[in-house]
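Novice: Show me how the following folds:
(one chain, ligands or ions: 1)
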Amino acid sequence: MGVPSGEIVARPMVARACGCEQEFQHYAVDKYRAQRLAKFQKTRCSACVAKLNEEQRLAAAALPSKGEAFQQLPTGAQVTMTRRPDGNWAGTLIAGGTTVEAVADGPQGLAVSLARLWVSARGAKPAAAAKPAAVAKPASAAKPAAAAKPASPTTGAAKPAPKSG
Ligand SMILES: [Zn+2]
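Specialist: Numbering: from 1, shown residues only. Coordinates of the predicted model:
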């Protein structure tokens, strides 16, 4: 029922939802060719489906973990949570001038969502945020210059004296 049969009578190239053109096979006997064609045009090709899945997997992996997200929130971060009539929780997180909103079925999940949203809204990468210590380095480099000052030609002249002893 509905399965096309017979010879393939035509193989037109048809653009799919992803924009790729793919061969659509016309069978000699195919009551549902129009429906099959419509579905073909509304869906992505398998290569793009795989690519999309991979992108979504990477995007999910790029999100900071619960602990990382909370650690990146600055001092003064404020979270407001409100239980709604439908039992869900709506929340707002304000930190560092960035405000994010989210809805979740519980306060714990909501706090995590808000923290992650905030981190991704700021575009902060976990690695970059963890390295503020590097800024301190240039300051120590300035010290040797100050130490060089006391040196004067007169102290150098006095040195040969210990030789006689
Ligand atoms: Zn495609």
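
Novice: all contacts plus neighbour counts: C-alpha atoms, from now on.
Specialist: OK.

Novice: shaky segments in this structure?
Specialist: 1-2, 124-165 (pLDDT under 70).

Novice: So which bits of it are right by the ion?
Specialist: Proximity of the chain to the ion is confined to 18, 20, 45, 48 under the rule C-alpha under 5 Å from the ion.

Novice: which of those residues count as buried?
Specialist: Cys45 (16 or more other C-alpha atoms under 10 Å).

Novice: Give me the subset of the residues of the chain next to the ion lying in helices.
Specialist: The helices, defined by DSSP state H, take in Cys48 from the residues of the chain next to the ion.

Novice: Looking at the residues of the chain next to the ion, which two lie furthest apart in space?
Specialist: Within the residues of the chain next to the ion, two members stand farthest from each other by C-alpha to C-alpha: Cys20 and Cys48, at 8.5 Å.

Novice: Pro85 and Thr92: what is the separation?
Specialist: 17 Å (C-alpha to C-alpha, to the nearest Å).

Novice: quick one: the residue nearest the centre of the chain and Thr80, what's the gap?
Specialist: In the chain, the C-alpha nearest the mean C-alpha coordinate belongs to Ala62, at 4.5 Å (C-alpha atoms, centre = their mean). Distance, Ala62 to Thr80, by C-alpha to C-alpha: 26 Å.

Novice: now the strands for this structure?
Specialist: Taking DSSP state E, the strands of the chain run over residues 5-10, 13-15, 21-23, 26-29, 78-83, 89-95, 98-104.

Novice: tell me what the first one is packed against?
Specialist: Same thing as strand 5-10. For strand 5-10, the contact count by 3 or more C-alpha pairs under 8 Å, 6 or more residues apart in numbering; DSSP states H and E identifies strand 26-29 as packing neighbours.
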